[in-house]
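**Student:** 3D model of this:
(one chain, ligands or ions: 1)
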Amino acid sequence: MDNTSQSDDLRLTLDTVDRFVDRHIPIDELRRRDREHAPPFDLMPMLGAAGLLGLPFPTEFGGQALPWSVVARVEERLGYRAAMLGTLFDTTVCFGGMSLLTYGTERQRAELLPRMIRGEALFALALTEPGAGSDAGAIQTRAKKVDGGWRVTGRKTWSSNAKQSTFMVTPCRTDPNARGSRGITMMLIAPDATGVHMTELSKIGNAGLTSWDIGLDDVFVSDDDVMGEVDRGFYNLMSTLHYARAGLAASAVGQAQRAVDIAIEHARDRAQFGQPISAFQVIQHRIADMQMRVDQARLITYHLADLISDGKPCRREAAQAKVIATEALHYVADHGMQILASAGYASESDMQRIWRDARLYTFGEGSNEIQRNIIAKELGL
Ligand SMILES: Cc1cc2nc3c(=O)[nH]c(=O)nc-3n(C[C@H](O)[C@H](O)[C@H](O)COP(=O)(O)OP(=O)(O)OC[C@H]3O[C@@H](n4cnc5c(N)ncnc54)[C@H](O)[C@@H]3O)c2cc1C
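**Tutor:** Numbers count the residues shown, from 1 in each chain. Model (predicted):
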């Protein structure tokens with residue numbers, strides 16, 4: 001694709017995002033959903049109809065085969081305008097769609113990708129267990145081979161949107177003698193399958209997603225619902241994590257820019273000591289630092305998106321973008337709260353929502369300490 005048609009595609013796609021948000025989740029609606037803990041599951045078929053869930057997928061499945069550089073900018077725009085919708089977009093497209101595309105079977109792809117692209121099938125990742133957070137290779141959920149499939153027993157926790165999903169992408173230990181990342185297989189488990197028990201977890205932010213503790217009690221999973229090669233699931237999972245990290249980084253950039261813009265507007269409007277607080281150099285410098293952090297994060301995030309678009313290796317860059325963008329967001333949300341002061345602490349303030357949501361991202365989806373471990377390893381340390 002040449003640069004002109006790429007920028008036309010991008011402009012048209014971002015216009016679609018803006019129209020969608022204006023119509024279905026403008027700011028008052030976003031605030032209501034956050035207040036009432038009402039995630040936008042109901043908007044997904046409309047997001048699909050608008051063509052936005054198929055962006056990176058091949059046309060044979062109903063997708064648009066656009067490069068990841070377009071996807072990243074869409075995730076950034078959603079982060080800026082309606083972050084909770086962006087989060088749902090990410091879990092579905094990255095944990096569901098990209099997993100199916102990368103290591104799903106032909107049948108799974110043919111059946112599930114078109115439904116996902118239409119917004120009719122949602123996906124969750126059920127990786128984390130009570131004893132396996134950062135140490136994902138320590139999972140103990142056990143799958144035993146039986147005739148025609150597997151019997152799965154174990155417990156997963158903090159799985160986002162699991163109950164509302166069509167399938168949970170679930171790593172299970174299929175070889176009990178293997179240790180760490182070996183002997184794990186990815187399976188598709190329906191949340192309403194016999195033996196699945198769900199308890200909702202309450203939390204302080206990210207009201208746009210639901211969180212579940214999941215008991216798996218002798219759940220039957222047919223051979224047809226195994227994704228990728230048996231015992232190689234961990235490697236399959238690792239081969240798609242850069243998509244989720246790229247998505248989170250882009251969303252964080254959007255949310256961070258929003259926080260800076262709110263801070264600038266407030267600093268201009270709020271007067272103390274007879275002048276707008278934006279006239280104080282300490283406020284100006286704080287905002288300058290905030291914008292610099294966001295711009296740095298945006299550059300590495302776009303660079304990562306270009307590497308993904310070109311099919312180049314990006315393990316280090318994905319970890320770097322995740323760290324830089326989530327820490328930029330954390331920084332600007334915190335400084336934004338300082339600039340807004342009491343106005344930011346009020347429940348109706350958008351800054352407090354961004355600040356609460358931001359707290360998750362430096363430890364969620366692989367903590368930033370683990371990302372630094374990855375970066376160090378990639379540097380040969
Ligand atoms: C709202 C929310 C949504 C989530 N969504 C999902 C989801 O959809 N699917 C899913 O599977 N999981 C999900 N999670 C779980 C999330 O991925 C984990 O919280 C995360 O991986 C960290 O695991 P942990 O909380 O057990 O922390 P721990 O692993 O106990 O870590 C605690 C601290 O120790 C540090 N640490 C641990 N090991 C090391 C090390 N080797 N070197 C340096 N520091 C280390 C960590 O960085 C962290 O600071 C979600 C969590 C939340 C809160």
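
**Student:** and the residue of the stretch 101-250 of the chain nearest the ligand?
**Tutor:** residue 133 (1.8 Å; CB to the nearest ligand atom). C-beta here means a position set from N, CA and C on the backbone, and glycine is covered the same way.

**Student:** Quick one: neighbours of that residue, just the number.
**Tutor:** The number of residues packed near residue 133 is 16, by other CB atoms under 10 Å.

**Student:** Now it: phi and psi?
**Tutor:** With angles defined as degrees, to the nearest 10, residue 133 sits at phi -100, psi -90.

**Student:** Can you give me every residue that contacts it?
**Tutor:** By CB atoms under 8 Å, 6 or more residues apart in numbering, the contact list for residue 133 is empty.

**Student:** so how far is residue 306 from it?
**Tutor:** 31 Å (CB to CB, to the nearest Å).

**Student:** Close to the ligand: what parts of the stretch 101-250 of the chain are there?
**Tutor:** 124-128, 133-134, 158-160, 203, 206, 211 (CB under 6 Å from any ligand atom).

**Student:** Which among the residues you listed count as buried?
**Tutor:** When those are checked for burial by 16 or more other CB atoms under 10 Å, the buried set is 124-128, 133, 158-160, 206, 211.

**Student:** So which of those are in strands?
**Tutor:** 124-125, 158-160, 211 (DSSP state E).

**Student:** If we only consider the residues you listed, which is nearest to residue 24?
**Tutor:** Among these, residue 160 lies closest to residue 24 (CB to CB), at 20.9 Å.

**Student:** Could you give the bridge partners of that closest one?
**Tutor:** residue 211 (DSSP bridges).

**Student:** Look at it and report its pLDDT.
**Tutor:** Looking at residue 160, its pLDDT is 97.

**Student:** mind listing what the most centrally placed residue in the chain touches?
**Tutor:** Residue closest to the average C-alpha location in the chain (CA atoms, centre = their mean): residue 90, at 4.1 Å. By CB under 8 Å, 6+ apart, the contact list for residue 90 reads 75, 244, 247-248, 251.

**Student:** Would you map the helices across the stretch 251-381 of the chain?
**Tutor:** Secondary structure of the stretch 251-381 of the chain (DSSP state H, counting those that start in this stretch): helices at 281-309, 315-340, 342-345, 350-361, 368-378.

**Student:** deepest of those, which one?
**Tutor:** Compared across those, helix 315-340 shows the largest average neighbour count, a mean of 24 (mean count of other CB atoms under 10 Å).

**Student:** average pLDDT for that one?
**Tutor:** Per-residue scores along helix 315-340 average to 98.

**Student:** from the chain's centre, how far out does that helix sit?
**Tutor:** Taking CA atoms, centre = their mean, to the nearest Å, the mean C-alpha location of helix 315-340 is offset from the chain mean by 15 Å.
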